[in-house]
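Asks: Starting from these lines, generate the structure:
(one chain, ligands or ions: 1)
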Amino acid sequence: MNVSVVGSGYVGTTLAACLADLGHDVTAVDIDEETVERLNAGETTIHEPGLDPMVSAYAGSSLKATTDHAAVADTDLTFLAVGTPAREDGSIDPSGLLAAAEDVGEAVADKDGYHLVVVKSTVLPDVIDEEVIPTLEDASGKTDGDDLGVAVNPEFLREGSAVDDFMNPDKIVIGTDGDGRALDRLAELYQPLISDWDVPSVETGRREAAMIKYANNTFLAAKVSLINDLGNICKELGVDTYEVAEAIGMDDRIGEKFLNSGVGWGGSCFPKDTAAIKSAAEDADYDPAMVEAAIEVNDVQPQRLLGLMDEHVDVDGKRVAVLGLAFKPGTDDIRGSRAKPVIEGLQDRGGNVVAYDPLAVEKMAEEFPDIEYADSAAEALDGAHAAAAVTDWPAFAELNEEFDAMAEKVVVDGRRIISRREGLTYEGLTW
Ligand code: UDX
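Replies: Numbers count the residues shown, from 1 in each chain. From the prediction side, this is the model:
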């Protein structure tokens with residue numbers, strides 16, 4: 001098929017490259033000239049395993065990039081994969097998505113007949129019905145359900161395994177207004193995944209599809225928060241949460257994944273999506289008790305970590321190491337990272353923070369220019385009176401004699417990643 005993808009960020013670039021790999025002709029559209037130039041040169045600005053080789057293989061042939069939205073008129077369907085960042089109050093800011101919808105609408109205004117627009121961006125049902133669809137209709141002069149089709153097809157990929165997740169999804173969710181044309185085109189697009197690789201597809205309404213994305217992420221975030229809440233109770237009772245989690249994960253109804261207890265969740269999705277769903281619930285005069293609790297527990301975890309450190313060291317005026325800054329290993333992304341409240345808490349206590357991360361130092365230095373950054377975990381630990389492990393980078397599990405250089409060998413582990421050894425005062429956050 002001939003597909004256009006508007007927005008060449010994280011999701012859009014992965015989508016464009018993977019669709020090219022499935023055999024489609026893809027046009028990526030972005031307003032940023034540098035992004036477009038780099039894509040056409042076969043490069044990306046994103047760290048994602050497997051993505052660069054695909055982009056370089058298809059650039060100039062089945063994957064082309066442009067800043068000109070007019071290109072979408074010649075394609076069979078257009079994905080909107082533009083970011084929807086959070087506002088201060090937690091609600092989402094759809095302005096970028098609406099600007100893209102307007103450009104796409106204008107581009108297809110003169111197209112004869114039907115054009116299908118597929119919303120990939122994460123947005124609440126009302127934003128689709130009350131903002132995206134009217135914007136598309138106004139700009140194109142077309143009518144939803146008549147010569148304009150609008151479908152919702154959320155993305156569930158994780159950072160660090162985006163290509164793999166796209167190619168091996170648990171499910172493909174397709175939300176339509178029941179129009180067979182939209183369903184047929186999306187079924188044809190995903191045919192290699194659905195028919196050849198047996199991926200289940202969920203055909204549902206547009207509002208339901210939009211909500212599935214939020215519910216999916218909220219459920220996962222709440223699962224981690226629940227094991228963290230239980231973990232805090234376990235810690236108080238002298239119980240190892242990980243032994244408890246291993247056993248409860250054997251219950252099929254619970255499942256073993258997402259039971260790693262620790263300093264909490266971050267990233268570009270969980271904080272934004274839980275805040276958006278909370279805000280939507282409140283707008284509807286509903287008090288979302290569980291969602292609020294999930295967010296609250298996540299805010300508590302870094303404070304619990306700091307509290308455990310306080311039990312052993314007064315960090316005022318002392319060097320303290322923070323190991324890990326990325327929101328999870330394998331990325332340089334620090335959005336929502338639990339390292340931020342940990343650093344702030346240490347600064348409030350008068351600690352001299354020295355931080356290390358294999359990838360995320362540069363990004364954290366933009367937000368926290370006043371702390372010291374080390375080139376290695378060993379350098380961060382050297383002379384430190386305490387250390388906090390915040391990201392579970394596998395290399396941290398290998399640390400051993402590096403702890404000998406600490407002034408006081410106190411380690412609070414927020415991710416169960418540090419190997420316990422003699423001479424180390426080791427505190428697990430929930431074990
Ligand atoms: C997530 C969803 O998994 C994905 O489906 C959605 O499309 C985007 O959001 P991602 O943000 O890449 O993906 O991260 P993920 O690997 O899910 O981890 C999220 C956070 O939860 C990380 O901070 C991680 O450290 C934390 N986490 C995860 C835990 O603390 N414990 C766990 O058991 C699992």
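Asks: Within range of the ligand, give me the residues from the protein.
Replies: When proximity is defined by C-beta under 6 Å from any ligand atom, the chain lies next to the ligand at 155-159, 217, 220, 224, 258-260, 262, 264-270, 327-328. Backbone N, C-alpha and C define where each C-beta goes, glycine included.
Asks: Show me the residues you listed that map onto helices.
Replies: Among the residues of the chain next to the ligand, the members found in helices (DSSP state H) are 217, 220, 224, 270.
Asks: got the contact list for the first one?
Replies: Residue 217 makes contact with 269, 270, 273, 274 under the criterion C-beta atoms under 8 Å, 6 or more residues apart in numbering.
Asks: Mark which of those are buried, thanks.
Replies: Buried members of the contacts of residue 217, counted by 16 or more other C-beta atoms under 10 Å: 269, 270, 273, 274.
Asks: give the contact list for the first one.
Replies: To tie it back to what came earlier, the one meant is residue 269. Residues touching residue 269, when contacts are defined by C-beta under 8 Å, 6+ apart, comprise 122, 217.
Asks: quick one: it and residue 378, what's the gap?
Replies: Residue 269 sits at a distance of 33 Å from residue 378 (criterion: C-beta to C-beta, to the nearest Å).
Asks: And for the last one?
Replies: As defined by C-beta to C-beta, residue 274 lies at a distance of 36 Å from residue 378.
Asks: how much space between residue 181 and residue 55?
Replies: When C-beta to C-beta is the yardstick, residue 181 and residue 55 sit 30 Å from each other.
Asks: The two: which is more packed in?
Replies: Using other C-beta atoms under 10 Å, the more surrounded residue of residue 181 and residue 55 is residue 55, with 27 against 14.
Asks: isn't that one right next to residue 39, touching?
Replies: Yes. Counting by C-beta atoms under 8 Å, residue 55 touches residue 39, with 6.5 Å between them.
Asks: and for these two, which residues touch both?
Replies: When contacts are counted by C-beta under 8 Å, 6+ apart, the set common to residue 55 and residue 39 consists of 13, 63.
Asks: What is the burial count for the closest residue to residue 267 other than its chain neighbours?
Replies: On the basis of C-beta to C-beta, 6 or more residues apart in numbering, the spatially nearest residue to residue 267 that is not a chain neighbour turns out to be residue 327, at 4.7 Å. Residues contacting residue 327 under the criterion other C-beta under 10 Å number 26.
Asks: just residue 394 next, same as before
Replies: Counted with other C-beta under 10 Å, residues neighbouring residue 394 total 10.
Asks: do the same with residue 164
Replies: Going by other C-beta under 10 Å, the residues that sit close to residue 164 add up to 15.
Asks: hmm, who's touching the helix or strand where it lies?
Replies: Taking DSSP states H and E as the definition, residue 164 sits inside helix 162-167. Taking contacts as C-beta under 8 Å, 6+ apart, the residues outside helix 162-167 that touch it are 10-11, 14-15, 17-18, 21, 48-51, 54, 155-158, 193.
Asks: same thing but 10 Å
Replies: Identification of contacts with helix 162-167 by C-beta atoms under 10 Å, 6 or more residues apart in numbering yields 10-11, 13-15, 17-19, 21-22, 46, 48-54, 155-159, 192-193, 197, 199.
Asks: List the buried residues of it.
Replies: Applying a neighbour-count criterion of 16+ other C-beta under 10 Å, the buried positions in helix 162-167 are 162, 163, 165, 166, 167.
Asks: from these, which single one is nearest residue 355?
Replies: Distance from residue 355 was checked for each of the buried residues of helix 162-167 by C-beta to C-beta. The minimum falls on residue 162, at 26.4 Å.
Asks: quick one: the closest one and residue 21, what's the gap?
Replies: Residue 162 sits 13 Å away from residue 21 when distances are taken as C-beta to C-beta.
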